[in-house]
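Asks: sequence below, structure please.
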Amino acid sequence: LLLYMASRSQHTGEWIIPALEKGKIVISDRYFDSTLAYQGAARKINLNIIDTITRFATFGLVPEITFLIDLSPEAGLKRIRKDDADRLENESLDFHRRVREGFLKIAEKEKRFTIIDGDKTVSQIHQIITNKIIQILGKEKDERKKK
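Replies: So this is what the prediction gives:
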């Protein structure tokens with residue numbers, strides 16, 4: 001867990017924060033919530049400990065929006081080619097069920113989540129994400145005009 005956090009802290013400090021300070025939009029794959037789902041829900045490490053360490057490691061930076069592409073673990077594992085699977089992807093089906101449950105519980109609590117049906121086509125998923133990002137950027141533009 002601490003090695004994950006050291007890596008996340010370095011990435012956040014060296015890449016994400018400087019980009020945000022320059023006014024750039026940052027898109028990240030697997031960030032804050034992944035630690036809670038994989039280490040907390042699946043590996044059963046105390047969520048309060050993970051949350052505290054993660055917030056410290058990421059300098060308190062929480063995503064503005066999170067897209068959760070939800071797919072059953074069975075379907076997800078079928079999509080992975082054996083030679084491309086990493087250590088986490090080689091975990092048991094039960095592990096992946098706990099990860100999914102963890103993500104869904106987080107999404108239930110956090111308004112920043114948009115849950116997308118992973119059974120949709122890549123094109124459909126792309127369109128949903130694009131529309132949501134355009135919506136958010138439009139709101140931010142309107143808010144800047146008001147100031």
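
Asks: can you give me the pLDDT of residue 1?
Replies: In the predicted model, residue 1 carries a pLDDT score of 80.

Asks: got the contact list for it?
Replies: Counting by CB atoms under 8 Å, 6 or more residues apart in numbering, residue 1 makes contact with 35, 39, 45, 50, 53. No exception for glycine: its C-beta is placed from N, CA and C like everyone else's.

Asks: out of these, list just those in helices.
Replies: Judged by DSSP state H, the contacts of residue 1 include 35, 50, 53 as members of helices.

Asks: quick check: closest non-adjacent residue to the first one.
Replies: Distances taken as CB to CB, 6 or more residues apart in numbering place residue 54 nearest to residue 35, at 5.1 Å, with adjacent residues excluded.

Asks: again, but for the last one
Replies: Across the structure, with CB to CB, 6+ apart as the measure, the residue nearest residue 53 apart from its sequence neighbours is residue 5 (5.4 Å).

Asks: residue 59 is in contact with that neighbour, correct?
Replies: No. The pair residue 5 / residue 59 is not scored as a contact, 11.8 Å apart, by CB atoms under 8 Å.

Asks: so who does residue 72 touch?
Replies: residue 100.

Asks: got phi/psi on it?
Replies: Main-chain torsions, residue 72, degrees, to the nearest 10: phi -60, psi 150.

Asks: which SS state does the residue minimising distance to the centre of the chain fall under?
Replies: Taking CA atoms, centre = their mean, the centroid of the chain lies closest to residue 30, which sits 4.2 Å from it. Of the three states, residue 30 takes coil under DSSP: H, G, I helix; E, B strand; the rest coil.

Asks: how many residues are close by residue 99?
Replies: Number of residues near residue 99 (other CB atoms under 10 Å) recorded here: 22.

Asks: about what we covered before: give the contact list for the residue nearest to the centre of the chain.
Replies: Here residue 30 is in contact with no residue (CB under 8 Å, 6+ apart).
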